[in-house]
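Undergrad: I would like the atomic coordinates for the input below:
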Amino acid sequence: MTKAYVLIVSKSGKENSIISNLKNIPSITNAFGAFGTYDILTKVETSDVQKINHDILNGIRKISNIRATLTLLVDKSVILKINELEQSVLDTYMAQAFITIHCLKSKEDVVI
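TA: Sure, this is the predicted structure:
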């Protein structure tokens, strides 16, 4: 199963209408309103990357009142070791799009 997160910038006040339309795309498993630069966070799951690409180009981007999108493809080949607390936060608050960055202490200034 291939997974991606699509962050959406919408026209002001159109979030509920867009979320309603997103729910008609079968590969979208979740869609939530958000605060900040992006107005909507969607989770897309399907059999392969080509299907995700198709659904973004021919589904998500065709919905009116969407101004911009950012797609974050999940790369399962990268295996991160996260602790139990981090996993709990990710499982509980998926809609808030936490990003966990693991780095050596000596490289911290480069990452930040």
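Undergrad: can you count the residues close to residue 74?
TA: Number of residues near residue 74 (other C-beta atoms under 10 Å) recorded here: 14. Every residue, glycine included, has its C-beta placed from N, CA and C.
Undergrad: Give the buried residues for the helix or strand hosting residue 69.
TA: Using DSSP states H and E, residue 69 sits in strand 66-73. Applying a neighbour-count criterion of 16 or more other C-beta atoms under 10 Å, one finds 66, 69 buried in strand 66-73.
Undergrad: now what about it, what contacts it?
TA: Residues from elsewhere that reach strand 66-73 (C-beta atoms under 8 Å, 6 or more residues apart in numbering): 2-11, 18, 38, 49, 52, 56, 60-61.
Undergrad: Stretch 49-58: which residues count as buried?
TA: 52, 55-56.
Undergrad: Rebuild those as CSV, extending it with distance to residue 85 and pLDDT.
TA: Shown next, in CSV, are the buried residues of stretch 49-58 (distance: C-beta to C-beta, whole Å; pLDDT from 0 to 100):
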residue, distance to residue 85, pLDDT
52, 30, 90
55, 33, 93
56, 33, 91
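Undergrad: nearest to residue 23, of those?
TA: Residue 23 lies nearest to residue 55 out of the buried residues of stretch 49-58, by C-beta to C-beta, at 12.8 Å.
Undergrad: how near is that closest one to residue 48?
TA: Applying C-beta to C-beta, to the nearest Å, the value for residue 55 to residue 48 is 11 Å.
Undergrad: what's the answer for residue 26, then?
TA: Taken as C-beta to C-beta, the span from residue 26 to residue 48 is 14 Å.
Undergrad: For the spatially most central residue of the chain, pull up the helix or strand it's in.
TA: Nearest to the mean C-alpha position of the chain, by C-alpha atoms, centre = their mean, lies residue 5 at 2.1 Å. Assigned by DSSP H and E, residue 5 belongs to strand 2-10.
Undergrad: which helices and strands does that strand pack with?
TA: With contacts defined as 3 or more C-beta pairs under 8 Å, 6 or more residues apart in numbering; DSSP states H and E, the packing partners of strand 2-10 are strand 40-46, helix 49-58, strand 66-73.
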